[in-house]
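1. Sequence first, predicted coordinates after that:
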Amino acid sequence: MWDRVAGMSFTLPRQIVDVTDAARAQPAPAVPTLHEPFTSRLADPDTDAAMIADWMSRPHLADTWDRDFGAQRWRDHLAAQRDGTYSRPMIVSDNGEPILYAEVYRPAQDVIAHLYDAEPGDIGIHLAMADPGRGHRGTLHALVGPFILGLLAREPDCRRILVDPEASNVAACSAAERFGGVSLGDHDLLGHRIRLYCIAIERGDTDTGETAYAGAQVTHRGDSA
């Protein structure tokens, strides 16, 4: 699933190694600071792999994430992320109950860097809600804003957040647009048709929630039919 590159950590399926020195020098993405009832932490390969494997076998995630594989492979996948600086796996809980798996990554070290003009401080986010019913009840919507603000509070160099849901996932695309995402087009990526969104950040006081999302001023690469 990944290979060892000389002088580097294991590479993950979307990770690219031909990157600039500035991109390589970025530290691993930070775990956002959340407020009650939500908490976030790094995913533990030993204690979380079975739970995440169960989540990813559920139809709503098996179809979109394409990672319906066993606990041992998930254990390796989580460990590989924690071994490098490209991506960090995270668990978000609501009143102590784990409800969401997140991967926060560096787009300048990811295959989407081939689709737009990535900058070293950019952040990418993938979110997987364990129970789709919670999304329908508004939990995901209530969580995304605080998650982004908590992340920005610990990522002072971040000016843009990238998300790339399946182009056919109307709910996910609508959510990206609700949070200020500007579409950079539809693209074929590793067997999926994704819609790339960029959320541009106007820096303010993240402690008081004054950081805002603005229109993305970026250039996408290639055709976006």
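-> Arrived safely, thanks for sending.
2. mean confidence score for the strand ranked longest in the chain?
-> Among the segments of the chain that qualify as a strand by DSSP state E, the longest is strand 192-202. If you average the pLDDT over strand 192-202, you get 92.
3. how distant is that strand from the center of its chain?
-> Remark: strand 192-202 is offset 11 Å from the chain centroid, using CA atoms, centre = their mean, to the nearest Å.
4. Just the CA coordinates for it, please, in CSV.
-> The C-alpha trace of strand 192-202 is given here as CSV (Å, rounded to 0.1, in the frame of the first residue of the first chain):
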residue,chain,number,x,y,z
HIS,A,192,-12.7,8.7,-8.3
ARG,A,193,-14.4,11.8,-9.8
ILE,A,194,-13.7,14.5,-7.2
ARG,A,195,-14.8,18.1,-7.0
LEU,A,196,-11.9,20.2,-5.6
TYR,A,197,-12.9,23.1,-3.3
CYS,A,198,-10.7,25.8,-1.8
ILE,A,199,-11.7,27.7,1.3
ALA,A,200,-9.7,30.9,1.5
ILE,A,201,-9.0,32.2,5.0
GLU,A,202,-9.1,35.8,6.2
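5. Who are the packing partners of it?
-> Applying 3 or more CB pairs under 8 Å, 6 or more residues apart in numbering; DSSP states H and E, we find strand 192-202 packed against strand 160-163, helix 170-178, strand 182-189, strand 212-214. For the C-beta atoms, the positions are set from N, CA and C on the backbone; glycine is no exception.
6. Of the ones you listed, flag the one that's most buried.
-> strand 160-163 (a mean of 24; mean count of other CB atoms under 10 Å).
7. Give me the contact list for it.
-> 107, 112, 116, 119, 121-126, 148, 151, 176, 181, 196-201, 216, 218 (CB atoms under 8 Å, 6 or more residues apart in numbering).
8. What pairs with that strand, parallel or antiparallel?
-> Partners of strand 160-163 in the sheet, by DSSP bridges, are strand 123-129 (parallel), strand 192-202 (antiparallel).
9. Of the ones you listed, flag the one that's most buried.
-> By mean count of other CB under 10 Å, these have strand 123-129 as the most buried, with a mean of 21.
10. Quick check: mean pLDDT of that one?
-> 95.
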